[in-house]
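K.L.:
3D model of this:
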Amino acid sequence: MKRISILQFLVCLHAWAQDPATLTGVVQDPSGAVVPGAAVRLIELRRHVARDAETDAEGWFRFVALEPGEYALTAAKPGFNKTEIRSMMLRARDRRALRLELTLSEIAQTLDITGREEGVASDASFGAVVEQSAMRELPLSGRSIDTLLLLAP
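P.N.:
From the prediction side, this is the model:
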């Protein structure tokens, strides 16, 4: 009985001492340009534990000290469609590098403009009222009505 207990302890100790896995990756758009600031989520499927990261200025993300197991990965950013890996296995000491591509999403925008409608003058003629005092006091050359009409706005 003592031997079995020691053997079980050693097996558990070996399982506990497994080296963790590391997952790195880059997120790019369809043209190959990097996508900084994308939200990346890694979910361990057995325990449903999520870990979040954000891509850096060069589009890279990194998850370290991952237990061996099955994981799901998603990457998303506004203006792009979400990319998803539904299942991937990570084993002890795995050093996996991924390249994820975010495709551009169709942006549907509606612009509502509210305001009052301004009338548009369709008549090309204009008029002005000139008072008699303005005719007397304005320094007009020759006091002609034609010169006075040129001063009308």
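K.L.:
tell me the contacts of residue 89?
P.N.:
If you count contacts by C-beta atoms under 8 Å, 6 or more residues apart in numbering, residue 89 has them with 69-71. Glycine gets a C-beta too; all of them are placed from N, C-alpha and C.
K.L.:
same thing but 6 Å
P.N.:
Shown here is residue 89, whose contacts under the criterion C-beta atoms under 6 Å, 6 or more residues apart in numbering are residue 70.
K.L.:
Could you tell me the model confidence score at it?
P.N.:
At residue 89 the predicted local distance difference test score is 96.
K.L.:
Who does it form a beta bridge with?
P.N.:
With DSSP bridges applied, residue 89 shows beta-bridge pairing to residue 70.
K.L.:
Compute the first-to-last residue distance for stretch 34-54.
P.N.:
Between the opening and closing residues of stretch 34-54 lies a distance of 13 Å (C-alpha to C-alpha, to the nearest Å).
K.L.:
and if you look at stretch 19-38?
P.N.:
Stretch 19-38 has an end-to-end distance of 28 Å (criterion: C-alpha to C-alpha).
K.L.:
same question, stretch 44-64
P.N.:
When the termini of stretch 44-64 are compared using C-alpha to C-alpha, they are 13 Å apart.
K.L.:
how about that stretch: buried residues?
P.N.:
Residues of stretch 44-64 classed as buried by neighbour count (16 or more other C-beta atoms under 10 Å): 44, 53, 55, 59-61, 63.
K.L.:
quick one: average confidence on it?
P.N.:
Per-residue confidence for stretch 44-64 averages out to 97 on the pLDDT scale.
K.L.:
what's in contact with it?
P.N.:
By C-beta under 6 Å, 6+ apart, the surrounding residues in contact with stretch 44-64 are 22-27, 34-36, 38-43, 69-72.
K.L.:
can you rerun that using 8 Å?
P.N.:
Contacts made with stretch 44-64 from outside it, assessed by C-beta under 8 Å, 6+ apart, are listed as 20, 22-28, 34-43, 66-67, 69-72, 75, 87.
K.L.:
Over to stretch 23-30?
P.N.:
34-35, 38, 40, 42, 55, 58-63, 66, 71, 73, 75, 77, 80, 83, 90, 94-104.
K.L.:
Now the element after the helix or strand containing residue 85, going C-ward?
P.N.:
With elements taken from DSSP states H and E, the one containing residue 85 is strand 83-90. Moving toward the C-terminus from strand 83-90, the next helix or strand (DSSP H and E) is strand 95-101.
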